[in-house]
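1. Below are the sequence and a predicted model for it; my questions follow.
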Amino acid sequence: MANILLQVKGLSAKIDEKELLHNVDLEIREGETHVLMGPNGAGKSTLGFTLMGSPSYELTGGEIIFDGEDVTHLSADKRARLGMFMTFQNPLEIPGLSLESFIRGAIRERTGAPVKIMQFHRDLDAAMELLQMHPSYAERDLNVGFSGGEKKKAEILQLLMLSPRLAILDETDSGLDVDAVRTVSEGIRIYQQERGGALLIITHSTRILESLKVDRTHILVDGRIVKDGDASLVDEINANGFEAFTGPQEIPMVQFD
Amino acid sequence: MTEEIKNNNVAEAGAVVEVDRSLYDFKYEEEGFYRYEEGLTREIVERISRDKDDPEWMRQLRLRSFETYERLKVPDWGPPVDELDMDHIAAYVRPNTDMKNRWEDVPDDIKNTFERLGIPQAERESLAGVGAQYDSELVYHNVRKEVEEQGVVYTDMESALKGDHAQMVQEHFMKLVPPSDHKFAALHGAVWSGGSFVYVPPGITVEIPLQSYFRLNAQGAGQFEHTLIIVDEGADLHFIEGCSAPKYNTANLHAGCVELYVGKNARLRYSTIENWSKNMYNLNTKRAVVEENGRMEWVSGSFGSHVSYLYPTTILKGNGSQCEFTGITFAGAGQNLDTGAKMIHTGAGTSSYINSKSISKSGGISTYRSSIYIDKNAKGARSSVDCSSLMLDDISRSDTVPAMDIRTSEADVGHEARIGRISDDAVFYLMSRGVSEAEARSMIVSGFASSVSKELPLEYAAEMNNLIKLEMEVM
């Protein structure tokens, strides 16, 4: 069995005075793909942000171990340099910073060495072609004026260019048309199968999973993981929804996705 | 001076002041320099005139300017200048060399200064001509032969006063910026020294830029260079001006004057990166007049200085003339920078566009001050102002003071202003890709400034980004 890459033990987090995650346990091994599903407001994105080290959330308990190292209190950039990565559901717009120069800058910051420019351009061109992004996007300001689909493709482009060891994908498929989902899925598949990258895919639909091999599935409801299972759990949710896990007592409290 | 002592100076300046500013923040001793006593009197003005062997009209202009200077008050509407005491400013410091046109002939200290600033390298790679001023006088000047053969004149101001274009200089010198304009214009008229004269004959396009670099090395001194550029009908020129100075604990003063004449159908682009140390009072006056269908382009980066007053002014005199101003100001700790632009539309169908950015940090104050005047005859004039400010913390300040005086109903005037902060979410987003927090902020600020840096030639854009990075690192 592969080594444990990410280990989350008893993680609890809050924002303002509202507790959003309760005692979450999670274990992802190298190269595994996990799916995190759950109804709106369950805390899925909160878990992603917390794993990545967002300062907007306050940890109230638990720890996060990545590749044997306790990253619970590390800043996001340090986690990223250890090999963690997250695509954003709503990627931010950075005027004046081109997509290409940002990726180049990020590689430089991660490696601490100048980027080999010819190789970089070959890789970038190939990845953009795979994602069916027009080459002009390389020169455009990061996410500025990008459509929803283009933003998601730009996120997957960064995934492919930065080649992390674990990628958290936060609702990468939301707002995409069928063709774009297929393109984005192909990018993720290459990351998963050709590079052996591990994934935590946060989603509440299943379209994006069709071409991916799934190892484990977790159902998050009201900040708690209420069910773990294998890939078949995805089909079960697909057929029956979340009702079996939320029960009649469900009261939607907060909307954080 | 030995190499060892020089290195000590450099190390000391770098360590005490701002760690990574050593690129600009080094100084050399004034060994063998000819320096006036501090203060400003009629005798000093007479002495400058005598030392420079001025023509009589110039001597008169200096003396009249001095009288005006004594009469005028310092401005009371901008950043305070009370601590600027002319009794402690030497009006004239001449380096221990005359002007050379071979780089090897420039004395070592001075040569090292400009080498470190990358001037000779820039000249080799991308300039058609260079003038380098050290304190009050030009120490090096060179123009490419093919540019001279086009009939382009690029000389130091002193030579211009006596050369073939003496008459032209007399007709234009301080006609756009009269000494009576304000107290520091009068001061400039009285004690000006150095600077450049450029004349581009009709129809001539100068393919690559000319540059002047001004370095104020002396402590407690003033630099008062005069730049006069005449771009004749249908001609085209890009002129670059760079300025820097090391840091001292006493006040230094820069009161330069730039006068630009843009002929019919001509174009002039005037790019500046000013990077003064933080003891500098930068009270600079820049003005252009544009004839029919001519075009003036300003690109201006204001970094450093303790206090700046800087509002490049363009008189759109000829029908259909245009001006575009692109500027950025970065005010850090202890800095009060009052910058902007003025557009005066008197011709019909004239147009102006101002794109101004300012950044304030660590308690710095940045004020954008602009004035748009549209005369009653300027029918069909268009003016658009777009200014945005970025505040990097809660203790800094950013103000916008736009004035408009529109005297015809047939004009189209727009103004947009924005003040923003760096969003924490954006910083986190960049950090999540492995970029440190400092680098993430620096990327966002450089992005904010990119509409200005894009207007600069590549190496100057790189210098500006480097300056932004340095400012971001200083706490």
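-> The structure has been received and is ready for your questions.

2. Tell me who's in contact with residue 190.
-> Picking chain A for this. Applying C-beta atoms under 8 Å, 6 or more residues apart in numbering or on different chains to residue A:190 gives the contacts A:130, A:160. Any C-beta I mention is one placed from the backbone N, CA and C, and that applies to glycine too.

3. I was after chain B.
-> Counting by C-beta under 8 Å, 6+ apart, residue B:190 touches B:40, B:45, B:62, B:63, B:65, B:66, B:69, B:179.

4. give me that answer again for 10 Å
-> B:40, B:42, B:44-45, B:48-49, B:61-70, B:91, B:179, B:224 (C-beta atoms under 10 Å, 6 or more residues apart in numbering or on different chains).

5. Now do it against residue B:255, distance only.
-> For residue B:190, the distance to residue B:255 equals 10 Å [C-beta to C-beta, to the nearest Å].

6. Take the contacts of residue B:190 and keep only those in strands.
-> Judged by DSSP state E, these include no members of strands.

7. ok, and which of these reach chain A?
-> Applying C-beta under 10 Å from any C-beta of the partner chain, the subset of the contacts of residue B:190 adjacent to chain A is empty.

8. Quickly find the element holding residue B:213.
-> strand B:210-215 (DSSP states H and E).

9. got the residue ranges for the helices in chain A?
-> A:44-52, A:76-82, A:99-111, A:117-130, A:148-162, A:178-189, A:232-240, A:243-246 (DSSP state H).

10. Oh, that last question was meant for the stretch 301-450 of chain B, not what I typed.
-> With DSSP state H, counting those that start in this stretch, the ranges of helices along the stretch 301-450 of chain B come out as B:424-431, B:437-448, B:450-453.

11. rewinding a little: derive a PyMOL selection command for the buried subset of the contacts of residue B:190.
-> Listed next is the PyMOL selection for buried residues among the contacts of residue B:190, using 16 or more other C-beta atoms under 10 Å in any protein chain shown:
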select buried, chain B and resi 40+44+45+48+49+61+62+63+65+66+68+69+91+179+224
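
12. before we move on, the earlier item: CA atoms of the strand holding residue B:213 as CSV?
-> Taking C-alpha atoms only, strand B:210-215 is exported to CSV below (Å, rounded to 0.1, in the frame of the first residue of the first chain):
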residue,chain,number,x,y,z
LEU,B,210,17.9,59.8,-26.2
GLN,B,211,18.5,59.9,-22.5
SER,B,212,19.7,62.2,-19.8
TYR,B,213,20.6,60.9,-16.3
PHE,B,214,20.9,63.2,-13.3
ARG,B,215,22.7,62.1,-10.3
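
13. Just want the residue of the stretch 1-150 of chain A that's nearest chain B.
-> At 2.9 Å from chain B, residue A:96 is the closest residue in the stretch 1-150 of chain A, using C-beta to the nearest C-beta.

14. who touches the residue lying closest to that residue once chain neighbours are set aside in this structure?
-> Counting by C-beta to C-beta, 6 or more residues apart in numbering or on different chains, residue A:96 lies nearest to residue B:447, which is 2.9 Å off, once chain neighbours are set aside. Residues near residue B:447 by C-beta under 10 Å, 6+ apart: A:94, A:95, A:96, A:97, A:98, A:101, A:102, A:141, A:142, A:144, B:426, B:453.
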